[in-house]
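**Student:** please find the sequence and the predicted model below.
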Amino acid sequence: MFQFIRAEVYARRASTNEKSKSIYNISDILGEALRDKNHIPHVDNPKEPRYIIGSEVDIRAIPIKLAENAERFKDPVGRKMRADAALLLAGVASFPRESANNDPELYKKWEALTVDYLKNKYGATLRAVLMHDDEEHPHLHFYVYSDIEVNAKMLHDGYKNGSSPAKYKAGCKAFQDDYFEKVASHCGMARTGPKRRRLSRAEWHSEQAQSMQIALAESAVLDAASQKEKQAHSLLQTNEQHAALLAKEKRAAREAMQQALALQAEARDKIAQSEAILRQFGLSDAQEAQPQPSVVPEASTGVLGGFAL
């Protein structure tokens, strides 16, 4: 399998210029993406798109926003933008149906890498990404426009590289090479098909097998790394939980000790107060403990009632 990604620019009104690269306007492109009935004669059994970035409401609002941008923008002599001026960059990236069916995880990897690639490439100007699964191959549509640089050609790798055909082609090639390096090569996809590179069918299949083996090996390494990361994270969480429990127990022990010391101090204060009161009334513990003299009759003198015994 080989990569497929392309991007074009679109205007509010399709150009009548025979050299124009598109016969469709912005409404046509967005209508096809949203599966509006008048724009999908090529789809036998249309399905609801899966929105990845943005929503149906966001996409339906794009023509309104672009019209506002066009109204706001003026050229150096004060003229408004032409109706056939490019305002929107729209693109599509596709993945082979057979490969998606045989290896759903590989498709998920390709989709995630492609969406990340678009985010990194276009930044805040990437307004929406959606997925179609009701045609020959599953594919992503993406939509890009700027509120500052209204001319969408300045977002297109071919146009912004230069006005000559050679520079346009070189810019488009650089875009394809960049996507291959950052996405397709990690999913077992070739940069181009066999006809363009003049490979025999046997050479093509051999190269595809090698690319797939590389992609599978890479996936295995990434899966192993991800598993180790999960294990490390789990161990870290366990250690953190143990540390938190130990800290809680230490705090509880400190609080219990402080309470015991406070009770002890309070008891000493009460004893001291009690002793002070007893001393005030001459009833200290020392005095209470002193033995009292016993009353013993004087020894008999042998006289009773004045008579000698």
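**Tutor:** Arrived safely. None of the values given here were measured: they were computed from a predicted structure. Numbers count the residues shown, from 1 in each chain.
**Student:** what stretches of the stretch 151-300 of the chain score poorly on pLDDT?
**Tutor:** 193-226, 228, 232, 283-300 (pLDDT under 70).
**Student:** ranges for the strands of it?
**Tutor:** For the stretch 151-300 of the chain, no strands are identified by DSSP state E, counting those that start in this stretch.
**Student:** what ranges do the helices span in it?
**Tutor:** With DSSP state H, counting those that start in this stretch applied, the stretch 151-300 of the chain shows helices at 157-161, 165-182, 194-197, 201-280, 285-289, listed in chain order.
**Student:** so which elements touch the first one?
**Tutor:** Spelled out, it's helix 157-161. In terms of contacts (3 or more C-beta pairs under 8 Å, 6 or more residues apart in numbering; DSSP states H and E), helix 157-161 is packed against helix 165-182. Using the backbone N, CA and C atoms, a C-beta is placed for each residue, glycine as well.
**Student:** and the nearest residue to Asp28 once chain neighbours are set aside, how many residues sit next to it?
**Tutor:** Closest residue in space to Asp28, ignoring its immediate chain neighbours: His39 at 6.0 Å, by C-beta to C-beta, 6 or more residues apart in numbering. The local packing of His39 (other C-beta atoms under 10 Å) involves 17 other residues.
**Student:** what pLDDT does His39 get?
**Tutor:** In this model, His39 is scored at 92, pLDDT.
**Student:** let the chain start at 52 from now.
**Tutor:** Let's use 52 as the start, then, which means that last one is His90.
**Student:** state the number of residues packed around Asp198.
**Tutor:** When neighbours are counted by other C-beta under 10 Å, Asp198 registers 13.
**Student:** for it, which non-adjacent residue is closest in space?
**Tutor:** Using C-beta to C-beta, 6+ apart and skipping the chain neighbours, the partner closest in space to Asp198 is Asn120 (6.1 Å).
**Student:** give me the element the one you found is part of.
**Tutor:** Assessed by DSSP states H and E, Asn120 sits inside helix 113-123.
**Student:** and the residue most central in space within the chain, helix, strand or coil?
**Tutor:** What sits nearest the mean C-alpha location of the chain, by C-alpha atoms, centre = their mean, is Asp167, with 11.0 Å. With DSSP: H, G, I helix; E, B strand; the rest coil as the basis, Asp167 sits in helix.
**Student:** show me the domain layout of this protein.
**Tutor:** Domain ranges of the chain: 55-243, 253-301, per automatic domain parsing.
**Student:** buried set for stretch 232-239?
**Tutor:** By 16 or more other C-beta atoms under 10 Å, the buried positions in stretch 232-239 come out as 234-239.
**Student:** for those residues, give me TSV that also has distance to Ser145.
**Tutor:** Below are the buried residues of stretch 232-239 laid out as TSV (distance: C-beta to C-beta, whole Å):
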residue	distance to Ser145
Val234	12
Ala235	11
Ser236	16
His237	16
Cys238	12
Gly239	15
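**Student:** closest to Ala313 among these?
**Tutor:** The closest of the buried residues of stretch 232-239 to Ala313 turns out to be His237 (C-beta to C-beta; 65.9 Å).
**Student:** any idea how far Arg57 is from the closest one?
**Tutor:** Distance of His237 to Arg57, given as C-beta to C-beta, to the nearest Å: 20 Å.
**Student:** try Gly333
**Tutor:** According to C-beta to C-beta, Gly333 and Arg57 sit 111 Å apart.
**Student:** what about these two, which has more around it?
**Tutor:** Set Gly333 next to Arg57 and count neighbours by other C-beta under 10 Å: Arg57 wins out with 12 against 8.
**Student:** what sits up against the host helix or strand of Lys172?
**Tutor:** Element membership for Lys172, per DSSP H and E: helix 155-173. Residues outside helix 155-173 that contact it (C-beta atoms under 8 Å, 6 or more residues apart in numbering): 56, 103-104, 144, 146, 150-151, 177, 180, 182, 189, 191, 193, 195, 206, 230, 233-234, 237-240, 266, 270.
**Student:** count of neighbours near Leu329?
**Tutor:** So Leu329, with other C-beta under 10 Å, has 15 neighbours.
**Student:** same deal with His293?
**Tutor:** Counted with other C-beta under 10 Å, the neighbours of His293 add up to 10.
**Student:** and for Asn76?
**Tutor:** Number of residues near Asn76 (other C-beta under 10 Å) recorded here: 20.
**Student:** wait, doesn't it sit right on Ser66?
**Tutor:** No - look at Asn76 against Ser66 with C-beta atoms under 8 Å: they stay out of range, at 9.0 Å.
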